[in-house]
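1. give me coordinates for this.
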Amino acid sequence: MNARIAPISARLVARFLDFLVIVVCGILISIIGIHTGLFGTPEAIFLLPLAAFLYETPLITTRGQTLGKLLLRVKVVGIEDGLVPGWNKALRRMVLPMAIALVLVVGWIGALLVYASSLWHDLHRGWHDHYAKTLVVSANMRSHEHECSNLSLLNN
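-> I've put the predicted structure just below:
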């Protein structure tokens, strides 16, 4: 299938839906952990980035899609080959926003800036996409293929 760049609106809505999933999971894990005495409130602060990492990385690695991306019919692929990113690219894609987000309060603003950087790039590639050498494309829901052709034309 030929790659079509995912609309920025679809990326933003997918990110928002994924954020909701992460927040709900983080809150539930925090409540359970604090209630059972597994950890205290200070440790619970780090659960949101951990929940984001554990939610997004395996899904991007294996499917190229989180639940939000699946619902909005977009997926992450490697820019060189159009394949599902795999562990290396998925980890690289998460490390930049997560590292910045771990700097409390100001870090979340920086992480939002990382994701917002896709707004001003012509291929809607954010800094995390550039670092991981990935691209978000519209997913062909009729096919279960995990590759896109002609991506070398987009590689810059």
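
2. which strands and helices sit next to the helix ranked longest in the chain?
-> Longest helix in the chain by number of residues, with DSSP state H as the criterion: helix 8-36. If you count contacts as 3 or more C-beta pairs under 8 Å, 6 or more residues apart in numbering; DSSP states H and E, helix 8-36 packs onto helix 41-44, helix 47-62, helix 67-72, strand 74-78. Just so you know, the C-beta spots here come from the backbone N, C-alpha and C atoms, and that holds for glycine as well.

3. make it 6 Å
-> Judged by 3 or more C-beta pairs under 6 Å, 6 or more residues apart in numbering; DSSP states H and E, helix 8-36 is in contact with helix 47-62, helix 67-72.

4. so for it, what gets flagged as buried?
-> Across helix 8-36, burial judged by 16 or more other C-beta atoms under 10 Å covers 10-15, 17-18, 21-22, 25-26, 29-30, 33.

5. if I look at M98, how far off is L83?
-> 23 Å (C-beta to C-beta, to the nearest Å).

6. just want to know which of those two has more residues nearby.
-> Looking at M98 and L83 with other C-beta atoms under 10 Å, you find the greater number of neighbours at M98, namely 20 against 15.

7. was I right to think that one contacts P49?
-> Yes. With contact defined as C-beta atoms under 6 Å, M98 reaches P49; the gap is 5.4 Å.

8. for stretch 28-48, C-alpha coordinates in PDB please.
-> Listed next in PDB are the C-alpha coordinates belonging to stretch 28-48 (Å, rounded to 0.1, in the frame of the first residue of the first chain):
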ATOM      1  CA  LEU A  28      -6.000   3.100  39.200                       C
ATOM      2  CA  ILE A  29      -2.500   1.800  39.700                       C
ATOM      3  CA  SER A  30      -1.800   4.700  42.200                       C
ATOM      4  CA  ILE A  31      -5.000   4.100  44.200                       C
ATOM      5  CA  ILE A  32      -4.200   0.300  44.400                       C
ATOM      6  CA  GLY A  33      -0.600   0.900  45.200                       C
ATOM      7  CA  ILE A  34      -1.200   3.500  47.900                       C
ATOM      8  CA  HIS A  35      -4.200   1.600  49.400                       C
ATOM      9  CA  THR A  36      -2.200  -1.700  49.600                       C
ATOM     10  CA  GLY A  37       0.900   0.100  50.900                       C
ATOM     11  CA  LEU A  38       2.900  -1.100  47.900                       C
ATOM     12  CA  PHE A  39       4.200   2.500  47.600                       C
ATOM     13  CA  GLY A  40       3.500   5.900  49.000                       C
ATOM     14  CA  THR A  41       2.300   9.100  47.400                       C
ATOM     15  CA  PRO A  42       5.700  10.400  46.300                       C
ATOM     16  CA  GLU A  43       6.400   7.300  44.300                       C
ATOM     17  CA  ALA A  44       2.900   7.600  42.700                       C
ATOM     18  CA  ILE A  45       4.000  10.700  40.900                       C
ATOM     19  CA  PHE A  46       6.200   8.600  38.600                       C
ATOM     20  CA  LEU A  47       3.500   6.200  37.700                       C
ATOM     21  CA  LEU A  48       2.000   8.300  34.900                       C
END
